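1. I'll drop the sequence and a predicted model, then ask my questions.
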Amino acid sequence: MNKKGFTLVELITTFSLVSVIVILLMNLLVLIKNIYSESNVKTNLLINQGNLNKVLNEAFKKDNLISYKSCNESDFCYDFNFSDGSIKRLNVTKDKITFDNYVYKLSEDSSIINPTVEKEYTLSNDLNSYDSMLVIKIPIKNKFYSGNFGANIIYQYNSNKISL
């Protein structure tokens, strides 16, 4: 008797092992794709956060701000008057932040949660000291990641020279 073929058991075993290996490789590829996508989204959020902070920080240089007021154009809109005579508007809507010529459009997975502008005073007897702070918080949350990807600006000023 000449045995030149495979038995049914050998074929089933081979196909089973190949199937398990292919399934494991496919799972690995899907995992790598998800890690790449998530890191890309997080990197974009961090880059946009850095750009937003840079634009706002450059505008609020030391002794540059004179006053600010609400512009009532939207839920969160403020006009900032600077010592060079310029007026820059900060407008925050549910999907976009605009400041002067800078526009930051949020991704569909991100949202702005309760932006605020607050004045905080500290006690100081020195008329030349920076005794107050203007705190601007624009928290941006992403549904896939914990943390704040928004802007947090603290502008320290002398309340004896500037009335905000």
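-> Cool, got the structure. Please read all numbers here as calculations on a predicted model, not as lab measurements.
2. CA atoms for contacts and neighbours, from now on please.
-> OK.
3. next, the distance between the ends of stretch 59-79.
-> Using C-alpha to C-alpha, to the nearest Å, the end-to-end distance of stretch 59-79 comes out at 12 Å.
4. which residues sit against that stretch?
-> 80-84, 87-93, 115-116, 155-157, 162-164 (C-alpha atoms under 8 Å, 6 or more residues apart in numbering).
5. just stretch 82-101 next, same as before
-> 56, 63-67, 74-81, 103-108, 111-112, 115.
6. buried only: go through the residues you listed for me.
-> For the contacts of stretch 82-101, a burial check counting by 16 or more other C-alpha atoms under 10 Å picks out 56, 64-66, 76-81, 106, 111-112, 115.
7. sorry, back to before: and the contacts of stretch 59-79, which are buried?
-> Taking 16+ other C-alpha under 10 Å as the criterion, what is buried in the contacts of stretch 59-79 is 80-82, 87-92, 115, 155-157.
8. among the residues you listed, which one sits closest to Phe149?
-> Of all the buried ones among the contacts of stretch 59-79, Phe149 sits closest to Pro115, with 12.5 Å by C-alpha to C-alpha.
9. thought the closest one was touching Ile138?
-> Yes - between Pro115 and Ile138 a contact is recorded at 4.4 Å, counting by C-alpha atoms under 8 Å.
10. one step back: can you put the buried ones among the contacts of stretch 82-101 in CSV and add secondary structure?
-> Below are those laid out as CSV (DSSP: H, G, I helix; E, B strand; the rest coil):
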residue, secondary structure
Leu56, helix
Asn64, coil
Leu65, strand
Ile66, strand
Phe76, strand
Cys77, strand
Tyr78, strand
Asp79, strand
Phe80, strand
Asn81, strand
Leu106, coil
Ser111, strand
Ile112, strand
Pro115, coil
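11. among the contacts of stretch 59-79, which lie within strands?
-> Of those, the ones assigned to strands by DSSP state E are 80-82, 87-92, 116, 155-157.
12. can you report phi and psi for Pro139?
-> Main-chain dihedrals, Pro139, degrees, to the nearest 10: phi -80, psi 130.
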